[in-house]
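Peer 1: Model the following, please.
(one chain, ligands or ions: 1)
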Amino acid sequence: MIWQCTLPGKVGALLGTLVDVVEMKRGREFETSANPASKPRLSRDGTPERVRQVANHYSARPNQTREQREASPIIHLKKLNNWIKSVLIQIYTQRGDAVIDIACGKGGDLIKWDKASIGYYVGIDIAEGSIEDAVKRYNGDTDHARGRRNFCFPAKLICADCFEVDLEPVLKDDGLFNVCSVQFAMHYSWDTEERARRALRNVSAMLQPGGCFIGTMPDADVLVRKLRDADGLEFGNKVYRVRFDENYSDKHFPSSTPYGIQYEFHLEDAVDCPEWLVPFQCFRALAAEYGLELVFKSNFHSFVKQYCQQKDFADLMRKLGALGDPAVGDSITDDEWDAAYIYLVFVFRKSGNKPPRPKTPRGTYKIIAPEEVIFL
Ligand SMILES: C[S@@+](CC[C@H](N)C(=O)[O-])C[C@H]1O[C@@H](n2cnc3c(N)ncnc32)[C@H](O)[C@@H]1O
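Peer 2: Residues are numbered from 1 along each chain as shown. This next block holds a predicted model:
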């Protein structure tokens, strides 16, 4: 250890007793029972209703001002999530990289990519409202952009269902990407095997050999453990709630049908929609089918513990104030820290030999006009 990050007492104590998440054997954790997933109901535009529900939820979320954000009941958790994504981006991105950000949301990671000096960015999301906000953010037309200069890379923004559409023909002129990022979104693809496969096929098709696939998503092992510890089919705390329906009253999950295991998720001031368990062993095996090899997997708690040992990342943690500021009696709450435990970080690498990096960044910087956004 080269440097010890000073953590607030409460979190320090939690970290002290932290037991790393032990991956449960697939056969044990996801035991056999009938999968209640049935034929999807379609909304008027032909999109499955549950997919539309997720898109509408995110599309309707307003872009908060800095003041509103600071007043959020989960402000420390939001900052912690940003710290985790920043660390991942800094470790796995190199100057000049071409990046594809699948389910990019409102472009909340644009500044992180800018700090990593990437050469090109493509962001895609199903939620039209979020893509509109991402355009504004890229163009420097939001409260978040106050006082900052233009981004150092050209960008393209696309509104599409990334778990349904084949992205290869759409992006064939963009060349392959060095990094594919899917932050807090992979689980929305796990409602059917077809969608999960499309998601991973898209990731793999977009990446150059040796390219990195980085992301964050709920930790199914933790969710199942918490469900089994709960009296009923619900668990959570003041900031989050997870509710499974009666189909899962035996609290066993099929290894034979690991898709479509739905729960309702509420995260105060952030999320209110259906989500799907992603059994990690199944994720890993499916990713391998598309030439993506697991490099790293870590629950958020162990990730914080590990990367707070590095001075640069500990400094960033302090700068963001994610764990709070003990000097003014400010601290991440126990409930927020517990909510962080339901997530994990993953990194995969596309197999094959890395070709030489292109010397010049693609395209030139310009503002994105609303009519330049691609709708699929
Ligand atoms: C929790 S937000 C994360 C946004 C962003 N990646 C971040 O870390 O700030 C989840 C995002 O996934 C997007 N999403 C869900 N299903 C999607 C799909 N089928 N295709 C593209 N985006 C999707 C949502 O619209 C939303 O923006």
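Peer 1: Can you give me the neighbour number for the closest residue to the ligand within the stretch 101-250 of the chain?
Peer 2: Residue of the stretch 101-250 of the chain nearest the ligand, by C-beta to the nearest ligand atom: Gly105 (2.7 Å). C-beta coordinates here come from the backbone N, C-alpha and C atoms, glycine included. If you count neighbours by other C-beta atoms under 10 Å, Gly105 ends up with 19.
Peer 1: How about Lys366?
Peer 2: 11.
Peer 1: do Ala230 as well
Peer 2: 15.
Peer 1: Name the residue of the stretch 201-350 of the chain that lies nearest to the ligand.
Peer 2: Closest point on the stretch 201-350 of the chain to the ligand, by C-beta to the nearest ligand atom, is Val271, at 6.2 Å.
Peer 1: Check whether that residue really touches Tyr263, as I assumed.
Peer 2: No - counting by C-beta atoms under 8 Å, Val271 does not reach Tyr263; the two are 11.8 Å apart.
Peer 1: ok, those two, which is more surrounded?
Peer 2: Between Val271 and Tyr263, counted using other C-beta under 10 Å, Tyr263 has the larger neighbour count: 20 against 15.
Peer 1: Is it correct that the more buried one falls within a strand?
Peer 2: Yes - membership of Tyr263 in a strand is supported by DSSP: H, G, I helix; E, B strand; the rest coil.
Peer 1: Next, find the distance separating the nearest residue to it once chain neighbours are set aside from Cys282.
Peer 2: Excluding the flanking residues, the one nearest Tyr263 by C-beta to C-beta, 6 or more residues apart in numbering is Phe244, at 4.8 Å. Remark: distance between Phe244 and Cys282 (C-beta to C-beta, to the nearest Å) = 18 Å.
Peer 1: What average pLDDT does the strand or helix carrying Val222 get?
Peer 2: In this assignment (DSSP states H and E), Val222 forms part of helix 220-229. Average pLDDT, helix 220-229: 98.
Peer 1: now it: how far from the chain's centre is it?
Peer 2: Centre-to-centre, helix 220-229 and its host chain are 20 Å apart (C-alpha atoms, centre = their mean, to the nearest Å).
Peer 1: residues near Gln90, how many?
Peer 2: Residues lying near Gln90 (other C-beta under 10 Å) number 15.
Peer 1: Which stretches in the stretch 1-150 of the chain count as strands?
Peer 2: Ranges of strands within the stretch 1-150 of the chain are 98-102, 120-125, based on DSSP state E, counting those that start in this stretch.
Peer 1: can I get these in a markdown table with mean pLDDT, distance to Val222 and mean neighbour count?
Peer 2: Putting these into a markdown table (pLDDT from 0 to 100; distance: least, C-beta to C-beta, whole Å; neighbours: other C-beta atoms under 10 Å) gives the following:
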| stretch | mean pLDDT | distance to Val222 | mean neighbour count |
| --- | --- | --- | --- |
| strand 98-102 | 97 | 23 | 26 |
| strand 120-125 | 97 | 26 | 26 |
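Peer 1: mind checking which of those strands is nearest Asn56?
Peer 2: strand 120-125 (12.8 Å; C-beta to C-beta).
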